[in-house]
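Chemist: Structure of the sequence below:
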Amino acid sequence: MNLITSSCHSSTRLFCDNALIPPPLRVSMAMGLKSAAFPFCPRPFLHIPPRPFIAFAKKRNPQSEPVINPSIIEELSMVDDEEDDGIEDDIFHELVDDDGYFEDEYFAEEAEPSAGDGAGGGGISLAGTVWDKRALEIAEEVSVSFDGELGIYAFKTLLNATIQVRIERLTNQSGSPTMADIEAFSTRYRERLDEAEATGSIPGNISLEVSSPGVERIVQIPQDLERFKDRILYVKYVTEVVDNGSSSEHDGVFRLISFDSDASSCTWGLADVRVNREKSGKGRPLSKKQKEWRLNTTFDSLRLVRFYSEI
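Modeler: Model prediction:
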């Protein structure tokens, strides 16, 4: 097992559920199968609700106990499906993508992200506190200080005086930041927050969480299509039934063939991934019919488009 160590700013503490833990954080994931159906793929897909690596940063309390040496904890909790009554397996795991960029997921039973929710779906979500806008302004100023290398994927404030920021690297294909990127942004933002606390423009008990978008980040439609046109994507879409005007929901793992911004439409083909190949038989490649299959959708019919991770 490769150990990952990091150095934190003097004002940075690592917490999980308000409990102090040794850095780097324990990260976890839970896997569950979610049924899905589309032409050639009636079997369930592995559904992975995105939740990325999170660095928790809080002001140091001089009365608290010292932080112990860093460690990485990996655990596996397996529960029989017939006895768990819906409880999912917990897996503590870490992932590094092909480019060497760190990505990890906390797979938990939670609502599926939606575009612009300020969390897994990106965008900005403010809780309505008096310090929200100032905290966002500072985050944007910190982002600019990285000279176009780092951007804010999502920003969210909570009523419990917590700021959650998901950053992305703008200079690689996946958009995934490195651990060093997350630490650098967290340190620089924490310093600016401390300055704002000293002037009274924001309260003095702000907690900060800086993370990555996650391995299954949401793709914004249509603005992200050009940027991520070569990625394998999980797509959830609706189609209308001509006879009665009702609609039905479908999903699948696709590759983007083309898109037309003027016509607000996309053309998709089946991605060459295991879940699609298995329809031709174990060990066989995609069939000719599968390779030639096409799906045309409007932008409005797309309910969810995200990166697909074949684990």
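Chemist: going forward, measure contacts between C-alpha atoms and count neighbours the same way
Modeler: Fine.
Chemist: pretty sure Lys229 contacts Cys266?
Modeler: No - look at Lys229 against Cys266 with CA atoms under 8 Å: they stay out of range, at 10.9 Å.
Chemist: Which residue of these two possesses the greater neighbour count?
Modeler: Using other CA atoms under 10 Å as the criterion, Lys229 and Cys266 rank with Cys266 on top: 19 against 14.
Chemist: Quick check: chain neighbours aside, which residue is closest to that one?
Modeler: Distance criterion CA to CA, 6 or more residues apart in numbering; nearest residue to Cys266, sequence neighbours excluded, is Phe259 at 4.2 Å.
Chemist: OK, contacts around that neighbour?
Modeler: Neighbouring residues of Phe259 by CA atoms under 8 Å, 6 or more residues apart in numbering: 225, 265-267.
Chemist: Dump the C-alpha coordinates for stretch 219-227 into CSV.
Modeler: Extracted in CSV, the C-alpha atoms of stretch 219-227 (Å, rounded to 0.1, in the frame of the first residue of the first chain):
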residue,chain,number,x,y,z
VAL,A,219,-21.0,17.6,-17.1
GLN,A,220,-22.8,20.9,-17.6
ILE,A,221,-25.0,21.0,-20.8
PRO,A,222,-24.1,22.4,-23.2
GLN,A,223,-21.1,24.4,-22.0
ASP,A,224,-19.0,21.4,-21.0
LEU,A,225,-19.7,19.3,-24.1
GLU,A,226,-16.7,20.5,-26.1
ARG,A,227,-14.4,20.2,-23.2
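Chemist: Can you list the residue ranges for helices in the chain?
Modeler: With DSSP state H, the ranges of helices along the chain come out as 132-144, 179-199, 274-277, 288-292.
Chemist: Please tabulate those helices in JSON lines, including the columns distance to Val235 and mean neighbour count.
Modeler: Output for those, formatted as JSON lines (distance: least, CA to CA, whole Å; neighbours: other CA atoms under 10 Å):
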{"stretch": "helix 132-144", "distance to Val235": "30", "mean neighbour count": "17"}
{"stretch": "helix 179-199", "distance to Val235": "28", "mean neighbour count": "18"}
{"stretch": "helix 274-277", "distance to Val235": "14", "mean neighbour count": "19"}
{"stretch": "helix 288-292", "distance to Val235": "17", "mean neighbour count": "12"}
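Chemist: Quick one: closest of these to His250.
Modeler: Distance to His250, taken as CA to CA, is lowest for helix 274-277 among these, at 14.8 Å.
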